[in-house]
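[1] I'd like to go over a predicted model; first the sequence, then the structure.
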Amino acid sequence: NAGVTQTPKFQVLKTGQSMTLQCAQDMNHNSMYWYRQDPGMGLRLIYYSASEGTTDKGEVPNGYNVSRLNKREFSLRLESAAPSQTSVYFCASNRDRGQDTQYFGPGTRLTVL
Amino acid sequence: SQQGEEDPQALSIQEGENATMNCSYKTSINNLQWYRQNSGRGLVHLILIRSNEREKHSGRLRVTLDTSKKSSSLLITASRAADTASYFCATDAAGANSKLTFGKGITLSVRP
């Protein structure tokens, strides 16, 4: 039981490049989330998926897209990376939105030059 | 915008002492949660307290919730060096669009 896994762990991009961050959970959770964490800002919600087949914007969705590929996987895509997207990205999941605790992955540290 | 605001921003104590961290929030909530983050790692859930609960314990952790003051406190008793981490409160706002909103965190340093 691996919990929530994220790939890659580290990534360096040049401005304008694209990439997809992958997230998978093996806990049969319905809801999944993408956050970014910046120094002094805490965690901010980018997008979430309350259930398979649905996605919704969070607090800071601009510049990102997501795909809920199936119940296990939720990916985050940066189409044209910008230096302002340099951050640590965390994926999380829980049984149902608003019902219980969230389980977090180890994070992806992204630097955009 | 952050719903939960933690206080203090940083706390340094000696091993064996108690650590108290506070969180205030603005709107009605379903529950309030505390998470810990060790350096370079993901967040780990510590404890959840529902809006109809006033106090909850888990091992050396004690959480209180005062919905009239919109505030919560996390007490870690008999602290250990391994408790050194950042601590975040997260509020699950009441309503159809409930989702967790995290504060900026408290950095706790426990000196051996």
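    Done, it's in. Residues are numbered from 1 along each chain as shown, chains lettered A, B, ... in the order given.
[2] mind checking how far the nearest residue to B:Ser28 once chain neighbours are set aside is from A:Gln11?
    Spatially, and ignoring its direct neighbours in sequence, B:Ser28 is nearest to B:Ala94 (4.3 Å; CB to CB, 6 or more residues apart in numbering or on different chains). In this view, the C-beta of every residue, glycine as well, is placed from N, C-alpha and C. Per CB to CB, to the nearest Å, B:Ala94 is found 37 Å from A:Gln11.
[3] more crowded one of those two?
    Between B:Ala94 and A:Gln11, A:Gln11 has the larger neighbour count (other CB atoms under 10 Å in any protein chain shown), namely 17 against 14.
[4] Please export the C-alpha coordinates of the helix or strand the more buried one falls within as CSV.
    Assigned by DSSP states H and E, A:Gln11 falls within strand A:10-13. Provided in CSV are the C-alpha atoms of strand A:10-13 (Å, rounded to 0.1, in the frame of the first residue of the first chain):
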residue,chain,number,x,y,z
PHE,A,10,12.4,17.1,-9.1
GLN,A,11,12.1,19.0,-12.4
VAL,A,12,13.8,22.0,-14.0
LEU,A,13,12.1,23.6,-17.0
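[5] and for stretch A:6-21, what are the contacting residues?
    The contact list for stretch A:6-21 (CB atoms under 8 Å, 6 or more residues apart in numbering or on different chains) reads A:22-23, A:34, A:75-83, A:89-91, A:105-113.
[6] wait, what's in contact with the residue nearest the centre of chain A?
    With distances taken as CA atoms, centre = their mean, A:Trp34 lies nearest the centre of chain A, 2.8 Å away. Shown in contact with A:Trp34 (CB under 8 Å, 6+ apart): A:21, A:23, A:45-48, A:58, A:64, A:66, A:74, A:76, A:89-91.
[7] go with 7 Å
    By CB atoms under 7 Å, 6 or more residues apart in numbering or on different chains, A:Trp34 lies in contact with A:46-47, A:66, A:76, A:89, A:91.
[8] Tell me, how many residues neighbour A:Val88?
    A:Val88 is flanked by 17 other residues according to other CB under 10 Å.
[9] Now A:Pro83: closest residue in space, sequence neighbours ignored.
    Closest residue to A:Pro83 apart from its sequence neighbours, by CB to CB, 6+ apart: A:Val112 at 5.0 Å.
[10] Quick check: the one you found vs B:Ala82, distance?
    For A:Val112 relative to B:Ala82 (CB to CB), the value is 34 Å.
[11] Which one's more surrounded, those two?
    A:Val112 (19 against 9).
[12] Wait, B:Leu48 touches B:Gln33, no?
    Yes: the pair B:Leu48 and B:Gln33 passes the contact test of CB atoms under 7 Å, sitting 4.7 Å apart.
[13] which residues do those two both contact?
    Counting by CB under 7 Å, 6+ apart, the residues touching both B:Leu48 and B:Gln33 are A:Thr101.
[14] quick one: which of those two has more around it?
    Between B:Leu48 and B:Gln33, counted using other CB under 10 Å, the more crowded position is B:Gln33 (25 against 19).
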